[in-house]
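In: Give the three-dimensional model of this entry:
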Amino acid sequence: MTWICLLGPSTTGSQAIALHGHQVVVLAPPGGAIPSEVTAHAERVVFCDITDHDATRTAVDRLAAELGPPRLVVSFTEHAQEVSARIATGLGLPSVSPAAAAHARDKAAMRRLLADTPYAWPYAAGTPDDIAGAVRAEPDGVAWIVKPADGAGSAGVTALESHADLERWHAKVTAGQEPRTRGTADEQPGAARYIAEHAAAGPEFSVEAVSAAGRHTILAITAKQTTGSPNFIETGHVVPAPLPEDDAERLKDAVRCVLDRLGIHHGASHTELRLDPVHGPVVIETHTRVGGDCIPELVQLATGRDQYDHAIAALLGTTPAQPPAPAAPAAAISFITPPAPGTLTDLSLTPTHGILRWHFDRMPGADLTELHSSYDRIGYAIALAETPAEAMRTAAEATAGVRVHVTAHTS
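Out: The predicted structure follows:
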């Protein structure tokens, strides 16, 4: 049989592989849930640590001895990107290169590769002491954003708007109270663990793309809403981004430059940027995978194009399996955030016109924390509408009306 090895139990990824007529063999980390939508398409699910190259390569080799060589080895999971790329490349299969996957995960490496482009941006990288030295070398009041060099989900993102902010951040990090990086596969001793960048102004966007042999297709631009300073946790997205055409083209040009410079020639990508009113597009980060937060679903709802399908097609050298069939001109998601730390004791909603679906990650009885990262959110609503503004308003009003009652923990 012809089969494709999928690292990580991606529901939409397994569906896309099946649509292209290949058997799906899923490699999944032990202890995680396997959605029924994955098992519906999977020929087999094999458990192994997909962040460990040797363990994963051994699993793939055993499968190949039984089933024949895989057609592709692919992953849509953040922490399996480098492992997937190394194995695919080692087997001579189409894939993003291991170096490109590593550079995308290492934000300092990305900055270095963009240093001589129009999208260069002031930054410092290294240990907490290195960051502190760079920030202190500039006048008090110069705003910086600091985060783990290979982080995700807004974890550990902090605005430093003064030297006093820096001292508080440095104290927390050195005391072990802030997220630490997991490290990348090619990371050497002494490599950057944190990155600090001058803060950019302007609205935030992400660009969803698929590359095939170095040709980049932009599927959509997503407009993003966040909590703002100091942690910039994402609270909503809308597709398509309501942008003038010239601004959209500037964002697309920036993303093409990033993908070229990092050597991302194959597969899906998700690139986050700000459109600074003075400097133009400022690249925040890029990933060799689809975006999170249901962004691929919003893209498919509003454009009819499935980024998973397009990514598999690009790697196979064929056309997407599904013709475009948008559900509405615009789609948006709005997240429900915890009002306070404590125990969630009541959760209820009022059905709202225009909402496609609701989803909740927490139920009564769950412990809630303060909003430190995307992982602390409670749930979301997805809305469809005739315009981006209407879609975002509908989703935001629906989630604002959700009743969330929290009882404070007693000491």
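In: residues near the closest residue in space to Trp3 that isn't next to it in sequence, how many?
Out: Of all residues not flanking Trp3 in the chain, Gln23 sits nearest, at 4.1 Å (C-beta to C-beta, 6 or more residues apart in numbering). C-beta here means a position set from N, CA and C on the backbone, and glycine is covered the same way. Residues contacting Gln23 under the criterion other C-beta atoms under 10 Å number 17.
In: how far away is Gln23 from Arg105?
Out: Distance of Gln23 to Arg105, computed by C-beta to C-beta, to the nearest Å: 29 Å.
In: Double-check Val406 against Thr337; I have them as touching.
Out: No. Counting by C-beta atoms under 8 Å, Val406 sits too far from Thr337 to count as a contact (11.4 Å).
In: roughly how far apart are Val24 and Leu63?
Out: 12 Å.
In: okay, those two: which has more neighbours?
Out: Neighbours per residue, other C-beta under 10 Å: of Val24 and Leu63, the larger number sits with Val24, 24 against 19.
In: Bridged to the more buried one, which residues?
Out: Ile4, Ala42 (DSSP bridges).
In: Report the contact partners of it.
Out: 3-4, 6, 14, 17-18, 41-43 (C-beta atoms under 8 Å, 6 or more residues apart in numbering).
In: Quick check, pLDDT for it.
Out: We note a pLDDT of 98 for Val24 in this prediction.
In: swap in the one 3 residues further on?
Out: Per-residue pLDDT puts Leu27 at 98.
In: doesn't Ile4 make contact with it?
Out: No. Leu27 sits out of contact with Ile4 when judged by C-beta under 8 Å, with a separation of 11.2 Å.
In: next helix or strand past the longest helix anywhere in the chain?
Out: Identified as the longest helix of the chain according to DSSP state H is helix 245-262. Toward the C-terminus, helix 245-262 is succeeded by strand 267-276 as the next helix or strand (DSSP states H and E).
In: What are the buried residues along that following strand?
Out: 267-275 (16 or more other C-beta atoms under 10 Å).
In: Okay, angle between that strand and helix 245-262 too, please.
Out: 130 degrees (axes from the mean of the first three to the mean of the last three C-alpha atoms, to 10 degrees).
In: Pull up the pairing partners for strand 267-276, direction included.
Out: For strand 267-276, pairing defined by DSSP bridges yields strand 204-212 (antiparallel), strand 280-287 (antiparallel).
In: Tell me which of those strands sits nearest to Val255.
Out: strand 204-212 (4.4 Å; C-beta to C-beta).
In: now the closest one: mean pLDDT?
Out: In the prediction, strand 204-212 has an average pLDDT of 98.
In: With just CA atoms, put it into PDB.
Out: What follows is strand 204-212, C-alpha atoms only, in PDB (Å, rounded to 0.1, in the frame of the first residue of the first chain):
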ATOM      1  CA  GLU A 204      -1.000  42.400  14.100                       C
ATOM      2  CA  PHE A 205      -1.500  39.900  11.400                       C
ATOM      3  CA  SER A 206      -0.600  36.400  10.300                       C
ATOM      4  CA  VAL A 207      -0.100  35.100   6.800                       C
ATOM      5  CA  GLU A 208      -1.100  31.600   5.900                       C
ATOM      6  CA  ALA A 209       0.900  30.100   3.000                       C
ATOM      7  CA  VAL A 210       2.000  26.800   1.300                       C
ATOM      8  CA  SER A 211       5.200  26.400  -0.600                       C
ATOM      9  CA  ALA A 212       6.000  24.000  -3.400                       C
END
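In: Now do the buried residues in it.
Out: 204-212.
In: just checking, next helix/strand downstream of it?
Out: Strand 204-212 is succeeded, C-terminally, by strand 215-226 (DSSP H and E).
In: Just checking: what are the partner strands of that next one?
Out: By DSSP bridges, strand 215-226 pairs with strand 204-212 (antiparallel), strand 234-239 (antiparallel).
In: Off-centre distance for the first one?
Out: Read that as strand 204-212. Centroid displacement of strand 204-212 relative to its chain, using C-alpha atoms, centre = their mean, to the nearest Å, is 11 Å.
In: Break down the stretch 1-150 of the chain into its strands, ranges please.
Out: 3-7, 23-28, 42-47, 72-75, 123-126, 144-148 (DSSP state E, counting those that start in this stretch).
In: what mean pLDDT does the fifth one have?
Out: Spelled out, that is strand 123-126. 93.
In: and the nearest residue to Leu275 once chain neighbours are set aside, what does it touch?
Out: Excluding the flanking residues, the one nearest Leu275 by C-beta to C-beta, 6+ apart is Gly202, at 4.6 Å. Gly202 is in contact with 274-277, 282, counting by C-beta under 8 Å, 6+ apart.
In: where does the stretch 51-200 of the chain dip in pLDDT?
Out: 151-155, 177-192 (pLDDT under 70).
In: Just the helices from it, written as ranges.
Out: 53-67, 81-90, 98-105, 107-113, 128-136, 163-174 (DSSP state H, counting those that start in this stretch).
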